[in-house]
Structures are given as C-alpha cells and as structure tokens.
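Trainee: Build me a structure from this.
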Amino acid sequence: MTDAATAGAEAPLARGRGVALWRQIAGTLERDIAAGHLAPGVRLPTEAELTQRFAVNRHTVRRAMEDLEARGLVRIEQGRGSFVAEDVLEYPVGPRTRFSETIRRQNREPQGRILRLDEIDADATVAEALRIRRGRPVLMAERQGLVDGRPVVLGRHYFSVARFPDIARLLSEDPSITRALVRLGVPDYRRLTTRITARMPTAEEAALLDQTRSRPVLVSEALNVDAAGEPVELSIACYAAGRVQILVES
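Mentor: Next up, the predicted model:
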C-alpha cells in the first residue's frame, strides 16, 4: 500500500490546460482513496506537505480539501488534521436493540468494555425512570462500545441495586448487559421509550470516542422494561455522530 504522504506523487499537475489546480489535486486524492492507497480513518498529509508535493500555495490545497470534505470523502478536525472519511455505521434502534447483535448483522466485529462501576444515589431523572425513590442506591455502569476496534458509543447504564444486587459483580466478570440480566432472571427486555438529542461532547467523552470536542455527539436516552413492563435499565448513550447514523425502527 502506498504511503499517505506520497500516494500519487508521481502524477504531476497539468498546468495551463484549463483545469483548476485545486480540482486536479482533489481528483488525485480522490483516486488515491478509491484505489485503497488511503484507507478509511487514515490521517492525510498536512497542508504543508501537500503544498510541497503539488508545488502549489496553501490556498489551492485548502480549496481542494474543502471540496473533498463537502463531498464526504474526508473529514477535517480542527487541531488534529484531515482524515479519510470512514463508512458511517447504520445503527437501528427499535423495541429490541442489542449492540453486539446489531453490529454482527452488518458483518462487523463488536466489542464492549466496562470502564467504571459505581454505586450512587439515584437523582430525580434516574429515580423517575426506574420507579424508585430519589436517593435510593443504583449501579451506574459506564460502558464503551467498539466496532472493528474503533470506539463508536459511550453508555451509562443505571440499575436498581434493590432489584439487582449482584449486577455489579456480574458485569465485572462479563461486560455483556444482556447476559448479566439473563443470569438475574430477566431473559428478555424491550425499549419502552427512546429520546435522541445532539450536543457537544465533554473532554472525557471526546477522548473515549477518539474525536475532538468540536464534533457533536448523538445522545440516546432509553428506558428498557421486562415482559411485565417493569423498568430494568435506564441507559444514556453518546454516539460519535461522524461514524454512526441512528435509524429508528417501529
């Protein structure tokens, strides 16, 4: 595979032939991407490197990059540089959404990591969702979801400690929430409500999602219930908006 800094360097620009230089640069980089010389997620050469490679000024390079970004071929992150755009993951959200199952159906490899397990007092939002009194103990499980080794979602999952006293131990042994609930007598559960909003990430969220704070996240707040309609879990998940498209299914 050709190195990102030199891909296509052997093709000089055709000057004075009626095709703008920035269009030629954009076309060269587009061909490198299409040929696989520049893989999805790879950092592109810097503006200075491209200026030297094509023997043009910075404005010409900048115009080419803006064109590629507008067509969805690259993403430009302030302070980090330019990257080849990845395929956007389509993430269906319906009555029975399971992260690993959803990812595997798309022939991708899911992975889950428990980052933190904390027993905390339920605030008003968590207490109302789980139908418990405010201040009662709940387990907050922070979980990172990855696809093909790249983080795409950061979730905080809340469970009533009174109902599931062993949930922390089970999740410390196995990060699968579904398998933990099966062992706790909940063989299946479904989404009762989902609320989706967008906002800018915190510094911690941006770091865990491997993105800058200047790119938004999609926030999904979901309440899962058991077969009897009793609350099982409240989850608040942040998705990397540049990598995930949420599809709401009925």
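
Trainee: Is the residue sitting nearest the centre point of the chain within a helix or a strand, and which one?
Mentor: By Cα atoms, centre = their mean, the chain has its centre lying nearest to Val152, at 2.4 Å. Element membership for Val152 (DSSP states H and E) is strand 150-160.

Trainee: mind saving the C-alpha coords of the helix or strand following that strand as CSV?
Mentor: Moving toward the C-terminus from strand 150-160, the next helix or strand (DSSP H and E) is helix 167-173. C-alpha atoms of helix 167-173 as CSV (Å, rounded to 0.1, in the frame of the first residue of the first chain):
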residue,chain,number,x,y,z
ILE,A,167,-25.4,-6.7,38.8
ALA,A,168,-22.0,-5.1,39.6
ARG,A,169,-20.3,-8.5,40.2
LEU,A,170,-21.7,-10.0,37.0
LEU,A,171,-20.7,-7.0,34.9
SER,A,172,-17.2,-7.1,36.4
GLU,A,173,-16.9,-10.7,35.2
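
Trainee: Now do the lowest-mean-pLDDT helix or strand in the chain: everything it contacts.
Mentor: In the chain, the helix or strand scored least confidently by mean pLDDT, DSSP states H and E is strand 74-77, which has a mean of 82. Strand 74-77 has contacts (Cβ atoms under 8 Å, 6 or more residues apart in numbering) with 29, 44, 65, 68-69, 82-85, 211-212, 214-215, 242. Any C-beta I mention is one placed from the backbone N, CA and C, and that applies to glycine too.

Trainee: quick one on the thing from earlier: run me through the strand neighbours of the strand holding Val152, direction for each.
Mentor: Strands that pair with strand 150-160, judged by DSSP bridges, come out as strand 137-147 (antiparallel), strand 231-240 (antiparallel).

Trainee: a markdown table please, covering those strands and showing mean pLDDT and distance to Arg113.
Mentor: Shown next, in a markdown table, are the strands paired with strand 150-160 (pLDDT from 0 to 100; distance: least, Cβ to Cβ, whole Å):
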| stretch | mean pLDDT | distance to Arg113 |
| --- | --- | --- |
| strand 137-147 | 96 | 5 |
| strand 231-240 | 96 | 14 |
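
Trainee: Give me whichever of these is most buried.
Mentor: Among these, strand 231-240 has the highest mean neighbour count (mean count of other Cβ atoms under 10 Å), at a mean of 22.

Trainee: Need the contact partners of that strand.
Mentor: 91, 125-126, 129-131, 151-160, 177, 181, 186, 189, 192, 201, 205, 209-211, 215, 217-226, 246.
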